[in-house]
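J.: Build me a model from this:
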Amino acid sequence: MTHRVGVALGERSYDVHVGRGAIRQLSSLVPADVRRVAVVTQASVPVDVRRHLPESAAVSRHLVGNGEEHKTLATIERLCEEFAAAGLTRNDLVVGVGGGMVTDVAGFAAASWHRGVRVVHVSTSLVGMVDAAIGGKTGVNIAAGKNLVGAFWQPSGVICDTDHLATLPEREQRCGRGEMAKYHFLTGDDLLALDLDARVARCVAIKAEIVGQDERESGRRAVLNYGHTLGHALEAATGFSLAHGEGVAVGMMFAAHVAHALGRIDAARVQQHRDVIVGEYGLSVEVPRGVKRAELVQLMRHDKKAVDGLTFVLDGPAGIETVRGVSERAIDQAFDALSVP
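T.: Numbers count the residues shown, from 1 in each chain. Got it, this is the predicted structure:
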C-alpha cells in the first residue's frame, strides 16, 4: 500500500506518492499532451524510469555530475542547451530522478526552460523524500552561498518509492535523519515510532501543510530551515565534504545554544536537543576540525533569510520561529558551547 499526500496550492496543487512500489504511479502523473520527456538524473542513480513512462513519449536522458560543485548555473545552461537539442517544448515534461541535488537542479532547469515547463520528481534519497523534492524550491549554488539562485517552481507530482532506499549508503541515511529530526522539533512527533513508509509520509504531510500556508517563504515556511543557517555555512566551509543532513544536525544544536543565550529556552531544552539529535537519531553535533567561527559568521550573513542582520530560526516559548537581528554575543556563546575556534 502506498500513501498519497496532497500539497494544497490551489491550481498548483499536486500529490506526493509514498511507499514501496510508488514508482508505478509515475505514468499517471504524465499529462496526456506530453510528447517529449527529458529525464534529468545522475549516472550513479540506479533507477530507470523509462518503462514507467508512456510509450508514445520520446524520452531523452540528461546527466548531472555528482557533487555540489556541479550544482551551478553552468549546469542549468548545459541542460537547457540539451533540452533544445531534444526538441523539448513548453507542453512537454522534465522528470528529475535522484536525490535533493538532482531535483533542485531539474526543477530550476524546468522553471527556466521556455520560462517554465512541467516537472515531476522521482526522489531516490531519504533527504529528498522528506524535504528537497517537495515544496517547489529549486536552485543552485554560487560562490556567495548555497541555493542563492533559483526559483519557486512547483512540480506536477512527486514519487517517493521507498524501495529505492534499500541500497542507500549509511551516510545518506544519516542525512535523511537530520531532516527528520528537524520535523521532530517542529511538531514534537515521535517519528521513529512509525514504520519507514509512514515516517516518510508524515514528514511529507508536515511540510505540505506548511508550504500550503506559505508557498514562497514570506512567513511560516521559514521554520523548515531550522538548523539550516549554520548547516549551509558548514557545508560551504568544508567544501561540501560535510553532507547536508549532517550540517543540519549540527545547525540545530547550534540554534539551541543560540536560543539559550538569548533566554528563549532553558538548559533542559538544550539537553533535549542533544538527546534527540544524538541519542535518538544517531547524528553528530560536532563542528568539523579546522572550521573557524569568523568564516562561518561571514557565510551566515549571506543566508537567504538574512534580511536584517544575522537571522536564525530558533526555538522558544512559542515554538520554532524566525528571529532577526541576533547579536554576535549570542552567536559567540553558541560557538563557545560547541568549542569552535
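
J.: what about the residue positioned nearest the centre of the chain, distance to Ala111?
T.: The centre of the chain sits closest to Ala132, judged by CA atoms, centre = their mean, with a distance of 2.9 Å. Relative to Ala111, Ala132 is positioned 15 Å away (criterion: CB to CB, to the nearest Å). Yep, even glycine has a C-beta here, placed from its N, CA and C like the rest.

J.: Tell me if Ala268 really is in a helix.
T.: Yes. Counting by DSSP: H, G, I helix; E, B strand; the rest coil, Ala268 is located in a helix.

J.: Spit out the contact partners of the nearest residue to Gly157 once chain neighbours are set aside.
T.: The shortest distance from Gly157 to any non-neighbouring residue, by CB to CB, 6 or more residues apart in numbering, is to Leu29 (3.7 Å). Contact partners of Leu29, counting by CB atoms under 8 Å, 6 or more residues apart in numbering, are 120, 156-157, 159.

J.: Take those and write them to a markdown table, including distance to Gly251 and neighbour count.
T.: Shown next, in a markdown table, are these (distance: CB to CB, whole Å; neighbours: other CB atoms under 10 Å):
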| residue | distance to Gly251 | neighbour count |
| --- | --- | --- |
| Val120 | 30 | 28 |
| Ser156 | 32 | 20 |
| Gly157 | 30 | 21 |
| Ile159 | 29 | 30 |
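
J.: how about a markdown table for the residues you listed, with pLDDT and distance to Phe240 added?
T.: What follows is the contacts of Leu29, written out as a markdown table (pLDDT from 0 to 100; distance: CB to CB, whole Å):
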| residue | pLDDT | distance to Phe240 |
| --- | --- | --- |
| Val120 | 98 | 27 |
| Ser156 | 97 | 30 |
| Gly157 | 98 | 29 |
| Ile159 | 98 | 26 |
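
J.: Identify the farthest-apart pair in those.
T.: Farthest-apart pair in the contacts of Leu29 is Ser156 and Ile159; separation 11.1 Å (CB to CB).

J.: any shared contact partners between the two?
T.: With CB under 8 Å, 6+ apart, Ser156 and Ile159 have common neighbours 29, 120.

J.: Tell me the helices and strands packed up against the helix or strand Ala106 falls within.
T.: Following DSSP states H and E, the helix or strand that holds Ala106 is helix 100-112. Secondary-structure packing of helix 100-112 (3 or more CB pairs under 8 Å, 6 or more residues apart in numbering; DSSP states H and E): strand 36-41, helix 73-85, strand 93-98, strand 118-123, strand 137-142, strand 145-152.

J.: Quick one: closest of the ones you listed to Glu280.
T.: Using CB to CB, those put strand 118-123 closest to Glu280, at 23.8 Å.

J.: what is the orientation angle of that closest one with strand 93-98?
T.: Interaxial angle, strand 118-123 versus strand 93-98 (axes from the mean of the first three to the mean of the last three CA atoms, to 10 degrees): 20 degrees.

J.: could you give the angle of strand 118-123 to helix 100-112?
T.: Inter-element angle recorded for strand 118-123 and helix 100-112: 180 degrees (by the same axes, to 10 degrees).

J.: and strand 118-123 with strand 36-41, angle?
T.: Strand 118-123 runs at 30 degrees relative to strand 36-41, counting by the same axes, to 10 degrees.

J.: who does strand 118-123 pair up with?
T.: If you go by DSSP bridges, strand 118-123 pairs up with strand 93-98 (parallel), strand 157-161 (parallel).

J.: got the CA positions of the longest one in CSV?
T.: Below are the C-alpha coordinates for strand 93-98, written out as CSV (Å, rounded to 0.1, in the frame of the first residue of the first chain):
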residue,chain,number,x,y,z
LEU,A,93,7.8,17.4,-19.3
VAL,A,94,11.0,17.3,-17.2
VAL,A,95,11.4,14.3,-14.8
GLY,A,96,14.0,14.7,-12.1
VAL,A,97,15.3,11.3,-10.8
GLY,A,98,17.7,11.4,-7.9
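
J.: Residues in contact with that strand: which ones?
T.: 26, 30-31, 34, 36-42, 45, 47, 49, 53, 57, 64, 83, 88, 102-103, 105-107, 109-110, 113, 117-125, 128, 133, 156.

J.: which ones are touching the residue lying farthest from the centre of the chain?
T.: Seen from the C-alpha centroid of the chain, the residue lying at the greatest distance (CA atoms, centre = their mean) is Ser56, 32.6 Å away. By CB under 8 Å, 6+ apart, the contact list for Ser56 reads Arg35.

J.: Now the residue lying closest to Asp190 once chain neighbours are set aside: phi and psi?
T.: Closest residue in space to Asp190, ignoring its immediate chain neighbours: His184 at 7.7 Å, by CB to CB, 6+ apart. The phi/psi pair for His184 (degrees, to the nearest 10) reads phi -60, psi -50.

J.: Could you do Ala222 as well?
T.: With angles defined as degrees, to the nearest 10, Ala222 sits at phi -60, psi -20.
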